[in-house]
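# quick one, fold the following:
(chains A and B)
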Amino acid sequence: MRRLGLRFVALGYLAAILVGPLAIVFWRTFEHGVAPAWDALSQPDTIHAFKLTLLITAIAVPVNTAFGIVCAIAIVRRRFPGKGLLNAFIDLPLALSPVVVGLSMFLLYGRKGWFGGWLDRHGVQFLFALPAMVVATIFVSLPFVAREVVPTLREIGDEQEQAARTLGAGGWQTFWRITLPSIRWAVIYGVILTTARCLGEYGAVAVVSGRIQGQTETATLRVEEQYEQYNLAGAYAISIVLALMAIAVLVAMTALRPKAAT
Amino acid sequence: MTSVVVASPHRAGASRDRAATALSLGFVTTFLTVLVGLPIAALVWAATSAGTESFWEAVSSPEAVAALKLTLGAAVVVTLLNAVLGAVTAWVLVRDEFRGKALVNAIIDLPFALPTIVAGLTLLALYGPKSPIGVDVAYTRAAVVLAMMFVTLPFVVRTVQPVLQELDPEVEQAARSLGAPEPAIFRRVVFPNILPGLLSGMALALAKAIGEFGALVIITGNLPFKTEVSSVYVFGRIESGDTAAAASVAVVLLGLSFVLLLSIGAIRHVATRHERA
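Presented below is the predicted three-dimensional model:
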């Protein structure tokens, strides 16, 4: 009886907060068939917004993957002063408001910012353009790969790496042939989380992009813009595409979780 | 002679190791300094360069105070709701058996994967003016709590679930067969075990709720003194060109994030003391 009660509470909670709202949006989007949604999605500015989101993700994910792997190896395998601090503050992007991240980029690269004057004199459009959006997205999605790889590296220990070293393998060879294959599922899991975070970033990009339609507007910014324009059909259609991407991420996470854990 | 031949590759290896350590640390440090350190420093500088007086003035303006109070109040409510509902959900996912459990387990992570702006729009579709079930909380404080609940849902579930999985159900059964009533079993057996996970999940949820922006902008209407949270206030200050005030409130949010990160670190430290000993 108690078991049923708790099951009812848990499932009711998930239905009310997660499943219900999403189901309504799916229903509203296709209420009048596929055509209105398709029209909304085929607008040039919407297509551009999706392309921009994918471009930013395609730059930020490899950068954060390389950083995450190197950072995880440094945290687990190397000894250096300030390691505890690094380990604690690598999570800062998860705990910090994306608006604060955006503002700090704005203050660093803006016209009156520390780098703003230099960038201006050299004719580099950093803020309100792709570079600032990429840098802000890298910031908010920074810790995911490192967080997944650190526990796996701890778990596997360094015996195999030492054995490879003793047999004469160099550091680089040991990394590619021993370390990387044994952490690969953790890396892939981290890459999936990073990708999801990059595709969905809103707050930081809203501050640094300037939100110029057809130029610096990403898919998530486009959702808000369409909503502001009272074009609910457009906002819903873009949301559905983003939600489908999120569901693809969930499927990948579910498929990989057992592998990443071992 | 032989000793030199044997020793030299080791010595070369050791110096290569040192070089690799220096190289990777250099990369990590440079990356973090440029991408995280400098922007944060610029933020703190912008908030404090005009003196502590103007910092306090910006932070204690009535609208900023109202936003901060709402943010903290709503985030605490959301964290407590999460603690109860998240722990129940984790318990159901570990100890209960029903059809479709794997699907339910996968859905928990949806708020991680779904863009926050989409989350806000979906909540508005069900709980807004056009609600098919007749519940309209749009532009009220209930909407603030609702949006924060959506984005923080996975944290407690995902920190408590692995602990419950490790906890042998036979311990609970033993307590039951010795005649312990159900509340006592929970209080004396289950709760002490899940407490560290629960607390770190709650701290993560609190940090996420305090900083949330995307899920709130559509459904709360951003009404000053009513539904405007701190991150929305900061955004509004940036839009109106008052970056000094924006930076001041942002520094307060930054301080809160630091404190919460340190508490998560401390909880982890205390929780793993047996393993380290």
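
# output the below-cut-off pLDDT ranges for the stretch 151-277 of chain B.
B:274-277 (pLDDT under 70).

# which parts of it are strands?
In the stretch 151-277 of chain B, no strands are defined using DSSP state E, counting those that start in this stretch.

# what parts of it come near chain A?
B:153, B:182, B:204, B:207-208, B:210-214, B:217-218, B:230-232, B:234-235, B:238, B:243, B:246-247, B:250, B:253-254, B:257-258, B:260-262, B:264-265 (CB under 8 Å from any CB of the partner chain). (Each C-beta comes from the backbone N, C-alpha and C, glycine too.)

# name the residue closest to the centre of chain B, please.
B:L204 (2.8 Å; CA atoms, centre = their mean).

# can you tell me the closest non-neighbouring residue to that residue?
B:F155 (4.4 Å; CB to CB, 6 or more residues apart in numbering or on different chains).

# what is the neighbour count of the one you found?
Using other CB atoms under 10 Å in any protein chain shown, B:F155 has 25 other residues around it.

# please apply the same query to B:T21.
The burial count for B:T21: 17, using other CB under 10 Å.

# which residue packs closest to it, ignoring adjacent ones?
A:R78 (5.0 Å).

# right, and that neighbour touches B:L23 too?
No - A:R78 lies out of contact with B:L23 (CB atoms under 8 Å); the separation is 10.8 Å.

# who has more neighbours out of these two?
Ranked by neighbour count (other CB under 10 Å), A:R78 and B:L23 place A:R78 first, with 15 against 12.

# can you count the residues close to whichever residue of the stretch 1-150 of chain B sits closest to chain A?
Proximity of the stretch 1-150 of chain B to chain A (CB to the nearest CB) peaks at B:P115, 3.2 Å away. By the criterion of other CB under 10 Å, B:P115 has 27 neighbours.

# ditto for B:R99
Neighbour tally, B:R99, other CB under 10 Å: 7.

# let me see the contact set for it.
Contact analysis of B:R99 by CB atoms under 8 Å, 6 or more residues apart in numbering or on different chains lists nothing.

# tell me the secondary structure at it.
Secondary structure, DSSP: H, G, I helix; E, B strand; the rest coil: B:R99 is coil.

# quick one, phi psi at the residue of the stretch 1-150 of chain B closest to chain A?
Dihedral pair for B:P115: phi -60, psi 140, per degrees, to the nearest 10.

# now B:S60
phi -100, psi 10.

# per-residue pLDDT, it?
pLDDT, B:S60: 96.

# do you know how far it is from B:S248?
Using CB to CB, to the nearest Å, we find B:S60 at a distance of 10 Å from B:S248.

# those two - which one has more neighbours?
A count of neighbours by other CB under 10 Å puts B:S248 above the other of B:S60 and B:S248, at 26 against 11.

# okay, stretch A:238-254 in CSV with CA atoms only?
Extracted in CSV, the C-alpha atoms of stretch A:238-254 (Å, rounded to 0.1, in the frame of the first residue of the first chain):
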residue,chain,number,x,y,z
ILE,A,238,11.4,25.3,-33.1
SER,A,239,10.9,24.1,-29.6
ILE,A,240,9.8,20.7,-30.9
VAL,A,241,12.9,20.3,-33.0
LEU,A,242,15.0,21.3,-29.9
ALA,A,243,13.0,18.9,-27.8
LEU,A,244,13.6,16.0,-30.3
MET,A,245,17.3,16.7,-30.1
ALA,A,246,17.0,16.5,-26.3
ILE,A,247,15.2,13.2,-26.5
ALA,A,248,17.9,11.9,-28.8
VAL,A,249,20.4,12.9,-26.2
LEU,A,250,18.4,11.0,-23.5
VAL,A,251,18.3,7.9,-25.7
ALA,A,252,22.1,8.1,-26.1
MET,A,253,22.6,8.7,-22.4
THR,A,254,20.4,5.7,-21.5
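
# for the residue of the stretch 151-277 of chain B found nearest chain A, what are its contacts?
Closest to chain A within the stretch 151-277 of chain B is B:G211: 3.1 Å, counting by CB to the nearest CB. For B:G211, the contacting residues are A:A95, A:L96, A:S97, A:P98, A:V99, A:V100, B:S231, B:L253, B:S257, by CB under 8 Å, 6+ apart.

# follow-up on the earlier one: just the buried ones from the residues of the stretch 151-277 of chain B next to chain A?
B:153, B:204, B:207-208, B:210-214, B:217-218, B:230-232, B:234-235, B:238, B:243, B:246-247, B:250, B:253-254, B:257-258, B:260-261, B:264-265 (16 or more other CB atoms under 10 Å in any protein chain shown).

# which parts of stretch B:42-56 are buried?
For stretch B:42-56, using 16+ other CB under 10 Å, the buried residues are B:A42, B:L43, B:V44, B:A46, B:A47, B:F55.

# now do stretch A:241-259
Neighbour count says stretch A:241-259 has A:V241, A:L242, A:A243, A:M245, A:A246, A:I247, A:V249, A:L250, A:A252, A:M253 buried, by 16+ other CB under 10 Å.

# for the helix ranked longest in chain B, name the packing helices and strands.
For chain B, the longest helix by residue count, based on DSSP state H, is helix B:62-95. Where contact means 3 or more CB pairs under 8 Å, 6 or more residues apart in numbering or on different chains; DSSP states H and E, helix B:62-95 is packed against helix A:2-14, helix B:101-107, helix B:141-166, helix B:191-211, helix B:230-239, helix B:243-271.
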